[in-house]
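S.K.: Pasting the sequence and the predicted coordinates here, then a few questions.
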Amino acid sequence: MNFSRFEAKSFALRLITRSSIGRGAAVLLGAIMLYWPALFNGFPLLYPDSMTYIGDGRVVARAVFLHQFADYYGVRSFFYSLGILPFHWNQTLWPVAALQCLLVAWVIWLLVRSFAPRRTVASYVCLMLFLSLLTSASWYSDFIMPDILGPLVYLAFYLLVFARQTLSRTEHIALCLVAVWGVTAHSSHLVLAGGLFLLLILYTAFQGKPFGKLFLGRLWKLRDVAVILALAMAAQMALHGYLYGKPSLNGERPPFLMSRTIADGPGKWYLEKNCSHLQWTVCKHLSQLNDDPDFFLWDENGVYQSSSDSDQRKLNAEEIPMVLATLRAYPYQQFSRSMANFGNQLINFGPYGFDPNAWMLGQFDEVLPNAKASYLESRQAHGALPLEVLAEIERWAIIGSLAVIVALIPLLWRRHSPGLPGLALVIGSIVIANALVTGVLSVVDDRYQCRVIWLIPFLAGIFFLDWLQQRGAAKAV
């Protein structure tokens, strides 16, 4: 059959259109799969911190766009608050959950397509069904917190370094923007993303000769990651400088490290031994010190919340000197406690944190007055979410996924997709580093590890897809 130039052009346009429609439909279906926990609950999932992220958006937006400055902006990420503000306007949270589900579904689509370019839709739908039903990916996509954006950053780094050739120009730009927002959305994301960047530099260095043009060429592949980190840090410095008159990466951050070392024991021992000759503000609160860092920071009777604004600033100034002095006085004891926290965080995960909370409910009148009635009808408000069952399901999914990965490594040792080792490196290092950063620097909490643990079943799914693809290719030969 002979086609005129016009007919050939029209035929190609129809193929592209159909492909775009199919791609969009697949991503939309993936987002709907992730959306089920919010529908099941009857409301997007919340945590007490969610209310501060929602409420701070208005205050920061007035300062940025209307120059109406305030005395207090909060201690959470302003970028997450600003990012979700146009999707809720303090009226409803359903669009925020939908946005996060779409972003997760889209990034996973890009990854699946990079490994299975021929049967992408079928592979993608099966993987999304597995992740949405058996892992915390769906629960954290519907969670009004920046937690889910961290995994998107790390997966974006993989795509930009190991699979950049599979991205269109528009996808490349959009992915970079999502990554910048994700890095700025939480302080731990910046720390983990920076560590992953350094690891990727080492990985690049050991791929061949460490110096010369080839090394510089390999290093050039990391340019997008470097730009994302630079933009994220510059944005944070600029916004905090604008709001507070002093550029910083963290803004008015509470003394997390001080609370952690005191809760671990060595910090408390140091203060009890040396406060007699120290003029530190924290020494006024020796009777309030215990082994709960959250009590130190957030309880109304704790050290930080019960202190005046001026004393809070003094506590922040004393943090680093106290931590360094503690490390000099009790290096082994602090190291052993930190490693114990790391180990506990690594193995403790589950979709917890969705319990009803009196303080959170009280914030609705100020932050989301029109949504309070809807929230009160949700399962979360009544403590009726099957959290123990969900945690058990995910635990077995993790165990099964690790078994699949171990079983497939020998089969894929000689024949696998070029990007598979890179993806395994990114996900494996992030799961470990997340437990190290959160467990050592903050507090052991199932929620912290749960936000990244679903990447292990995701990796197992990619291993399985790659094995099927390599097996099919071998049969074809």
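M.R.: Looks like it arrived, so ask away.

S.K.: Straight-line length of stretch 378-394, end to end?
M.R.: The first and last residues of stretch 378-394 sit 23 Å apart, counting by CA to CA, to the nearest Å.

S.K.: now swap in stretch 265-279 and tell me
M.R.: End-to-end distance for stretch 265-279, by CA to CA: 21 Å.

S.K.: Just give me how far that stretch sits from the chain centre.
M.R.: How far stretch 265-279 lies from its chain's middle: 35 Å, per CA atoms, centre = their mean, to the nearest Å.

S.K.: Ok, stretch 378-390 next?
M.R.: Counting by CA atoms, centre = their mean, stretch 378-390 comes out at 23 Å from the chain centroid.

S.K.: Show me which positions of it end up buried.
M.R.: Buried residues in stretch 378-390, defined by neighbour count with 16 or more other CB atoms under 10 Å: 378-381, 385, 387, 390. Using the backbone N, CA and C atoms, a C-beta is placed for each residue, glycine as well.

S.K.: Turn those residues into TSV, columns for secondary structure and pLDDT.
M.R.: Formatted as TSV, the buried residues of stretch 378-390 follow (DSSP: H, G, I helix; E, B strand; the rest coil; pLDDT from 0 to 100):
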residue	secondary structure	pLDDT
Ser378	coil	97
Arg379	coil	96
Gln380	coil	96
Ala381	coil	96
Leu385	coil	94
Leu387	helix	90
Leu390	helix	91
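
S.K.: Which two among those are spaced furthest apart?
M.R.: Maximum pairwise distance in the buried residues of stretch 378-390, criterion CB to CB, is 17.4 Å, between Ala381 and Leu390.

S.K.: What are the boundaries of the strands in this protein?
M.R.: In the chain, no strands are defined using DSSP state E.

S.K.: pLDDT weak spots in it?
M.R.: 1-19, 208-217, 473-477 (pLDDT under 70).

S.K.: and with 50 instead?
M.R.: By pLDDT under 50, the low-scoring segments of the chain are 1-3, 9, 11-17.

S.K.: Quick check: phi and psi at Val303.
M.R.: Taking degrees, to the nearest 10, you get phi -60, psi -50 for the backbone angles of Val303.

S.K.: Please tell me how far the closest residue to it other than its chain neighbours sits from Gln333.
M.R.: In space, and not counting its chain neighbours, Val303 is closest to His285: 4.4 Å by CB to CB, 6 or more residues apart in numbering. Relative to Gln333, His285 is positioned 22 Å away (CB to CB, to the nearest Å).

S.K.: And these two? Which one has more around it.
M.R.: For His285 versus Gln333, neighbours defined as other CB atoms under 10 Å are more numerous around His285 (20 against 15).

S.K.: Can you name the residues that contact the more buried one?
M.R.: For His285, the contact set (CB atoms under 8 Å, 6 or more residues apart in numbering) comprises 303, 306-307.

S.K.: what do you get if the cut-off is 10 Å, keeping everything else the same?
M.R.: Contacts for His285 (CB atoms under 10 Å, 6 or more residues apart in numbering) come out as 262, 271, 275, 296, 302-304, 306-307, 311, 315.
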